[in-house]
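1. Would you be able to build a 3D model of this:
(4 chains)
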2 protein chains.
Amino acid sequence: MSHAQRLRQRIEDEIVAGELALGSRLDENQLAARFGVSRTPIREALLQLAVTGLVQTKPRRGAIVSAPEPHLLLAMFETMAEIEAACGRLAARRLVAEDAAALRAALEGCRAALTTEDTEAYYAENYVFHTVVYRASRNAFLAEQALSLHRRLAPYRRLQLRVRQRLPQSLAEHERIVAAIVAGDETGAAEALRSHVIVQGDRFTDLVAGLRSPSAA
Amino acid sequence: MSHAQRLRQRIEDEIVAGELALGSRLDENQLAARFGVSRTPIREALLQLAVTGLVQTKPRRGAIVSAPEPHLLLAMFETMAEIEAACGRLAARRLVAEDAAALRAALEGCRAALTTEDTEAYYAENYVFHTVVYRASRNAFLAEQALSLHRRLAPYRRLQLRVRQRLPQSLAEHERIVAAIVAGDETGAAEALRSHVIVQGDRFTDLVAGLRSPSAA
DNA sequence: CGGCGCTTCGTTGTATGCATGGAAAACCGG
DNA sequence: CCGGTTTTCCATGCATACAACGAAGCGCCG
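-> Residues are numbered from 1 along each chain as shown, chains lettered A, B, ... in the order given. As a prediction, this is how the structure comes out:
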């Protein structure tokens, strides 16, 4: 793989993991020095990330880590809800034994993480669970879209999962989701996933409401 | 706007319009000569298009116009159906007078184009109609996603709309869609849009079935 | 003393040069 | 004559050089 591709993944990971703060500037020279390459692959990586929306570039004014306006964030969560609902509907229609087993395993993983009271662990298992749902849709393109958006929302979800008592509620919702998919209930699965994500979005709004507006606003 | 951004749009337009054949090679030097710039902005444009999926790049082997495998194309149409369904559902829930008027106007545009038997005109009006539905979702992010995917599928839809008797059927479906949205029938709107797009996908499969496999296959 | 324009500096955007890796053609052995 | 190997060539990927635009600091004028 080329340097540019590696850098793209690396920078994306740092943004998703929250190591690069939202709104912070991404100086080409600085990054080039840090990674020991010239500006060219850095530029290419940043341009690619700009297409995905993770970073924002203004002409002649460089790139920053995207910090979307709250109303756009809410729109993103709503879109995530609809996409996950679509995954759930298709999964319920097409479920094969292999995916059913994967779903149950992912659910067990979440349950285990919950009992240890380890938020980070639950966060990881939650990611796995949703990934399994995406794959169970048996639509590679849709799954890819879902995963991409999921990653893009990761920095915000991270904040949001810390809300008190959210974890047990999340697990209960996961259980309903799996039940509906396994039962072949398309509408039920879609609805369960939609509300699951929407709640996350709502919770998120609670959070931002208490924070000061991001730099741009 | 920078050269790279202009070129990105220009090349994207040519692909969407079908001027650049699917699977054809995009030589950096050639494009640079053609547009009178150096390779650098061409490279940046191609890299960005690669992220959107319109072109495909293999390391050290350059870029080609994407020619997805049939099964992936089907997945893309299915995803389009789900996204449009989501737009319809939200539009039905949130419809404001302004959007209702726009929907009716777009419907009339389609009807007018149909009576003239002008396929190209209907194609254009069809694009407008779907765009209006996206906007009526009142979710800027979802609308953006929908539009992006719509454009990406444009080369294939172009083939598919030529199928005999598809146009009157398409119009009838548009009418059902508008009726459901205006009536505030979320499920009905979603279902109408889903089947509308799925049919396009199915029709498309009929077409590819008769064609030889693309180069890669 | 404050506002406005100019200059300077720094950063981005583009061009060009060079190294690397793959593909095709030429060459050699069987 | 055919298959495998080698060699050569060329496009890509990265580095470096240059140009152009924006931002900030400074001085001048009102």
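2. Please make it C-alpha for all contacts and neighbour counts, starting now.
-> OK.
3. Of all the helices and strands in chain A, which has the lowest average confidence?
-> Sorting the helices and strands of chain A by mean pLDDT, DSSP states H and E puts helix A:186-210 at the bottom, at a mean of 81.
4. What is the distance between stretch A:69-78 and the centre of its chain?
-> Relative to its chain's centre, stretch A:69-78 lies at 13 Å (CA atoms, centre = their mean, to the nearest Å).
5. how about the residue nearest the centre of chain A, what does it touch?
-> Geometric centre of chain A, nearest residue: A:His150, 2.2 Å, by CA atoms, centre = their mean. Contacts for A:His150 were tallied using CA atoms under 8 Å, 6 or more residues apart in numbering or on different chains; they are A:Met80.
6. 10 Å instead?
-> By CA atoms under 10 Å, 6 or more residues apart in numbering or on different chains, the contact set of A:His150 is A:16, A:76-77, A:80, A:84, A:127, A:130-131, A:144, A:157.
7. How about A:Ala136?
-> A:87-96, A:98-100, A:102-103, A:130, A:143, A:181.
8. nearest to B:Arg43, of the contacts of A:His150?
-> Lowest distance from B:Arg43 to the contacts of A:His150 (CA to CA) belongs to A:Glu144, with 24.8 Å.
9. quick one: what helix or strand has the residue nearest to the centre of chain A in it?
-> Here A:His150, judged by DSSP states H and E, is contained in helix A:140-160.
10. Also A:Arg111?
-> Element membership for A:Arg111 (DSSP H and E) is helix A:97-115.
11. Return the residues of chain A in contact with DNA strand C.
-> Applying CA under 7 Å from any atom of the strand, one finds that chain A approaches DNA strand C through A:26-29, A:40, A:57-63.
12. Are any of those residues buried, and if so which?
-> Using 16 or more other CA atoms under 10 Å in any protein chain shown as the burial test, the residues of chain A next to DNA strand C include A:26, A:28, A:57, A:63 as buried.
13. Name every strand pairing with the helix or strand containing the last one and say which way it goes.
-> Think A:Ala63. A:Ala63 is part of strand A:62-65 when elements are defined by DSSP H and E. Using DSSP bridges, the strands paired with strand A:62-65 are strand A:25-26 (antiparallel), strand A:55-58 (antiparallel).
14. could you point out which element follows the first one?
-> Beyond strand A:25-26 in the direction of the C-terminus, DSSP H and E gives the next helix or strand as helix A:28-35.
15. what helices or strands is that next one leaning on?
-> In terms of contacts (3 or more CA pairs under 10 Å, 6 or more residues apart in numbering or on different chains; DSSP states H and E), helix A:28-35 is packed against helix A:3-16, helix A:39-52.
16. Can you say which of the contacts of A:Ala136 are buried?
-> By neighbour count, with 16+ other CA under 10 Å, these hold A:87-95, A:99-100, A:102-103, A:130, A:143, A:181 as buried.
17. What's the separation between the residue of chain A most remote from its centre and DNA strand D?
-> Going by CA atoms, centre = their mean, the residue of chain A most distant from its centre is A:Ser38, 30.7 Å out. Remark: distance between A:Ser38 and DNA strand D (CA to the nearest atom of the strand, to the nearest Å) = 3 Å.
18. what sits against the closest residue to that residue other than its chain neighbours?
-> Spatial nearest neighbour of A:Ser38, excluding adjacent residues (CA to CA, 6 or more residues apart in numbering or on different chains): A:Ala32 at 5.4 Å. With contact set as CA under 10 Å, 6+ apart, A:Ala32 has these partners: A:38-43.
19. How confident was the prediction at A:Ala32?
-> For A:Ala32, the pLDDT comes out at 96.
20. Quick one: residues contacting A:Leu54.
-> Contact analysis of A:Leu54 by CA under 10 Å, 6+ apart lists A:11-12, A:15-16, A:22, A:46, A:48, A:64-68, A:151-153.
21. pretty sure A:Ala154 is touching A:Glu12, no?
-> No. Using CA atoms under 10 Å as the test, A:Ala154 is too far from A:Glu12 to be in contact (11.2 Å).
22. In chain A, where is pLDDT below threshold?
-> Along chain A, the model assigns pLDDT under 70 to residues A:160-163, A:201, A:203-217.
23. how far away is A:Asp27 from A:Ile64?
-> Separation of A:Asp27 from A:Ile64 (CA to CA, to the nearest Å) stands at 8 Å.
24. That concludes my questions; thank you for your assistance.
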